[in-house]
Each structure stands twice: as structure tokens, then as C-alpha cells.
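*Asks:* turn this into a model:
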Amino acid sequence: MGAEWVLPNGRQVISRGDFPTYRADKRCQAGDFDWRFRFPDCPFSFRLRAIRAADARSRAHFASFHLVGRRLRFLPPQSLVETTCRTMQGRFLLSPSPGISDIEAGILARAARLYDMAVHYYVFLSNHLHLLLSPRDAQHMAQFMGYLNSNLAREIGRSVGWREKFWGDRYHAVLVSDEEGAQVARLRYLLSHGVKENLVETPADWPGATALHSLLSGEPAIGHWRDRTLESRAARTGGLNSPEDFFVEESLELTPLPCWQHLSPEEIRSRVVALVSEIESDAKSAREESGRTPLGVAEVSRQHPHLQAPRLARGSLPLIHAASALVRQDFLQRYREFQRAFRAATTRWRTGTADALCLFPAGSFPPFASFVPGERGS
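*Replies:* Next up, the predicted model:
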């Protein structure tokens, strides 16, 4: 069986093994890797199986084309990264409550301790979370986020009775430049959550897990990790019975922003207080102009976790948060060089070149291979 493909150089037939024939239109431009195709009445998983079943000679037609579902991960070592992750369909699965906030803080603190991750700030909203982190490289970031998100999904899913997929997509990490203006701006943006949505009057009023209280007090954030291994062992042996026996206290010591490393704790707290005052002043002016009042802590906490947000913010995330156009353009140039090197290595790999995996740039994730460490980031 076969399928007809419309290519720039004419129509060709690609073998599909025992799969049914589907007519597909494929359009691409010379020197451009962007391409699209469609199979009428054919599920996506069936298309992938059909493509993988093509013989070696037919696969050669795809050697110069790349189907990339996500942006390449490009994180220079020791970079400041803003990470965002949203729940499935924007549901309020992270709705703040004392129990949920304790779980979130405990899992985050444990993940930071196990993976030695520098956490600068965090805030958990009803349907998404934000983190400011400094990972060693892209692999360090992936391992940390994999542990964090998987445990959050299991523990909070059990608490709110959600048995389906928890996260709507993989985490999104955006680099923050070394400029003080860019780093402080991202911290201010995270501090404003809960206020800018007109949910509470001040950032300190947000009932969910947030690092603001630790920033202002200078004390570590405290949460609890539920040891499921100990609980399972106790259930088999008839040992511990009290639920409190299975909880382990975890603490998280926040790391100052890279641009504030030289400041004393008192100076950092004074700058955070100034940022919070600006946010409160701006929010008060906006409420006076619109005549709206905040939803309030009680109403926020009363929302059912299975409810869905009426409207979700849509749009593509930038590659980098920078304060100047020059820094942004310099990073984009580095990203394009990384992208070209990765695509060239992928082309060699698709054609079966023996040493293709050695050609992938340092800091990248080659297909079906381990992370490539190096000085350049992925």
C-alpha cells in the first residue's frame, strides 16, 4: 500500500507497508524546514506509525525535513530561568488551601534539596505555577522539573480527587538575561501574581504557596513531604498508624537573585518591600479607575479544584527576557547557531551516518541518545 505525496519536485509514492493508503498534500520551500501535511480521516498516532513503517529508501525523502513539536532547549550554564507550568485545561487543581500549600512547599523544597537547585522565587496560582531558578544546564533543569511536576501531580491529584492528566503541557523555561533590570522585572512580575488578576489586594494576601513571606522574613520556607514508601511498608508490616508519622519536614532556603548576590539580607528585603509597595500602589490606582473590587481570599479558596478558568492567556513565550535589544539580539544569534548545528546533525543522523551523534552541539538532547554536556548550553 502507498500514499501519494505532493513535493516541490513532483509527485512521489512512499511505501506504507500494510497500512491503508491516504492521500496527503505536502508543501515546503527550498531551504526551509517548516512543513505540514494532512491525512483526511486519519488519526495522528496512525500517521506516525505509518511514517515509521516506511522502508529505508522512502525514509531518505524525509532526511532534509524536521518535524519539531517544541522549541529546542537552549540554556547557557548557570543561567537564570523563569519556569511556568499550567494545569490541564487551566483547571483550578492548585487551588490554595493550607493543606495544598503545605504539599507544594514540601515537594518543591525536597526537589531543590535532592537536585541541588538554586530557587530564587516561587508562586503557585490556582491553575499554574511560576519559578525563578538557576540550573547548571538543561539536563539539570529537566531532571528537577520532572521530579517536581510528577510528585505534584500525584500528591495534589490525590488530594483533590483528580485522576486524569494533571499538567496541560511540558514546563516552559524562558531565559532571563544577566542584566539587573531584566532580573528585577521578572521578580516584580512574579510578586504581582494574585494582585494583577484582581484576586487579592496585596501580594502578601495570596493564600497559596509563595516565597514572599520567606523573602520578607529571611527565614526558610517550610513544607512537608509525605513518605509513601514508609507508609506502604508500614501498611504491610502493621507498624506506624498515625498519618503524621509519614510526613517529613522539608525546608527551602531561597537564593538571592544573581544581580543581588553582593547585597546584604537587609538590603534585599528593603528592595523587595519597595517592589511590593509599587505593586500595591499600581493595583490600587487600577481598581479606582475601573471600580472593581478584588475577589477576596475567601472566594479564591472556595473555588472547586475541578472548575476550569473561563479564559486563558494565549500567546507564544519569548526566547529570553532582556532589558536591552542588544542583549536580546546577541542571544537570538547564539540560539540560531545552536539551532543550525542541531538540525545539521539531525540530518546526518536521519541518513544513518555512523558518527552523527558526535555532531550534536554541546548542551543538546539528541534523539534517542543522552544529553550532550559541555560549555555551551542547550
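
*Asks:* burial check on the nearest residue to residue 328 once chain neighbours are set aside, number of neighbours?
*Replies:* The shortest distance from residue 328 to any non-neighbouring residue, by CB to CB, 6 or more residues apart in numbering, is to residue 322 (4.2 Å). The C-beta positions use only the backbone N, C-alpha and C, and glycine is treated the same way. Residue 322 has 22 neighbours, counted by other CB atoms under 10 Å.

*Asks:* same check on residue 217?
*Replies:* That count, for residue 217 with other CB under 10 Å as the rule, works out to 10.

*Asks:* returning to that earlier point: phi, psi for the residue nearest to residue 328 please.
*Replies:* Backbone torsions of residue 322, given as degrees, to the nearest 10, read phi -130, psi 150.

*Asks:* that one and residue 147: what is the separation?
*Replies:* Using CB to CB, to the nearest Å, one obtains 29 Å as the distance from residue 322 to residue 147.

*Asks:* now residue 339
*Replies:* Distance from residue 339 to residue 147, by CB to CB: 28 Å.

*Asks:* over to residue 210?
*Replies:* 21 Å.

*Asks:* of these two, who's got more company?
*Replies:* residue 210 (26 against 17).

*Asks:* and the contacts of whichever strand or helix holds residue 213?
*Replies:* For residue 213, the enclosing helix or strand under DSSP states H and E is helix 212-217. For helix 212-217, the surrounding residues in contact (CB atoms under 8 Å, 6 or more residues apart in numbering) are 121, 123, 191, 203-204, 206, 220-221, 252, 254, 268-269, 272-273, 276.

*Asks:* now, of these, which are buried?
*Replies:* For those, a neighbour count by 16 or more other CB atoms under 10 Å gives the buried set as 121, 123, 191, 203, 206, 221, 252, 254, 268, 272, 276.

*Asks:* tell me who's in contact with the nearest residue in space to the third one that is not next to it in sequence.
*Replies:* It refers to residue 191. With sequence-adjacent residues excluded and distances taken as CB to CB, 6+ apart, residue 191 is closest to residue 203, at 5.3 Å. Taking CB under 8 Å, 6+ apart, we find residue 203 in contact with 191, 192, 193, 194, 195, 210, 212, 276, 279, 280.

*Asks:* okay if I get those as CSV plus secondary structure, pLDDT and distance to residue 355?
*Replies:* Shown next, in CSV, are the contacts of residue 203 (DSSP: H, G, I helix; E, B strand; the rest coil; pLDDT from 0 to 100; distance: CB to CB, whole Å):
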residue, secondary structure, pLDDT, distance to residue 355
191, helix, 97, 49
192, coil, 96, 50
193, coil, 95, 48
194, coil, 93, 52
195, coil, 95, 55
210, strand, 96, 49
212, helix, 96, 51
276, helix, 96, 55
279, helix, 96, 54
280, helix, 95, 59
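
*Asks:* for those residues, give me a markdown table that also has distance to residue 232.
*Replies:* Listed next are the contacts of residue 203 as a markdown table, based on distance: CB to CB, whole Å:
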| residue | distance to residue 232 |
| --- | --- |
| 191 | 40 |
| 192 | 42 |
| 193 | 36 |
| 194 | 37 |
| 195 | 42 |
| 210 | 32 |
| 212 | 36 |
| 276 | 43 |
| 279 | 45 |
| 280 | 47 |
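
*Asks:* most neighbours among these, which one?
*Replies:* residue 194 (29 neighbours).

*Asks:* that one contacts residue 125, correct?
*Replies:* Yes. Counting by CB atoms under 8 Å, residue 125 is a contact partner of residue 194 at 7.1 Å.

*Asks:* tell me the contacts of residue 227?
*Replies:* Counted by CB under 8 Å, 6+ apart, residue 227 has contacts 246, 247, 248.

*Asks:* count of neighbours near the first one?
*Replies:* Going back to what we said before, that points to residue 246. 18.

*Asks:* for it, which non-adjacent residue is closest in space?
*Replies:* Distances taken as CB to CB, 6+ apart place residue 231 nearest to residue 246, at 4.4 Å, with adjacent residues excluded.

*Asks:* now the end-to-end length of stretch 210-229.
*Replies:* 28 Å (CA to CA, to the nearest Å).

*Asks:* if we can go back for a sec, helix or strand right after the helix holding residue 213?
*Replies:* strand 221-226.

*Asks:* parallel or antiparallel, which strands does that following strand pair with?
*Replies:* strand 247-252 (antiparallel) (DSSP bridges).

*Asks:* how far is the partner strand from where the chain is centred?
*Replies:* 24 Å (CA atoms, centre = their mean, to the nearest Å).

*Asks:* buried residues in that strand?
*Replies:* Quick answer for strand 247-252 (16+ other CB under 10 Å): 247, 250, 251, 252.

*Asks:* return the set of residues that bridge with the closest residue to the first one other than its chain neighbours.
*Replies:* Using CB to CB, 6+ apart and skipping residues adjacent in sequence, the residue nearest residue 247 is residue 224, 4.5 Å away. Beta bridges link residue 224 to residue 249, judged by DSSP bridges.

*Asks:* low-confidence ranges, the stretch 51-200 of the chain, go.
*Replies:* The stretch 51-200 of the chain contains residues with pLDDT under 70 at 51-69.

*Asks:* now the helices for it?
*Replies:* Using DSSP state H, counting those that start in this stretch, the helices assigned to the stretch 51-200 of the chain run over residues 56-59, 98-115, 138-160, 180-191.

*Asks:* as CSV, those with distance to residue 86 would be great.
*Replies:* Supplementary listing: those in CSV, determined by distance: least, CB to CB, whole Å:
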stretch, distance to residue 86
helix 56-59, 36
helix 98-115, 15
helix 138-160, 11
helix 180-191, 15
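
*Asks:* picking up where we left off before, quick check, nearest of the contacts of helix 212-217 to residue 107?
*Replies:* residue 252 (10.3 Å; CB to CB).

*Asks:* now do the closest residue in space to the closest one that isn't next to it in sequence: how many residues are near it, please.
*Replies:* Once flanking residues are discounted, residue 252 sits nearest to residue 109: 3.7 Å by CB to CB, 6+ apart. Using other CB under 10 Å, residue 109 is surrounded by 23 other residues.
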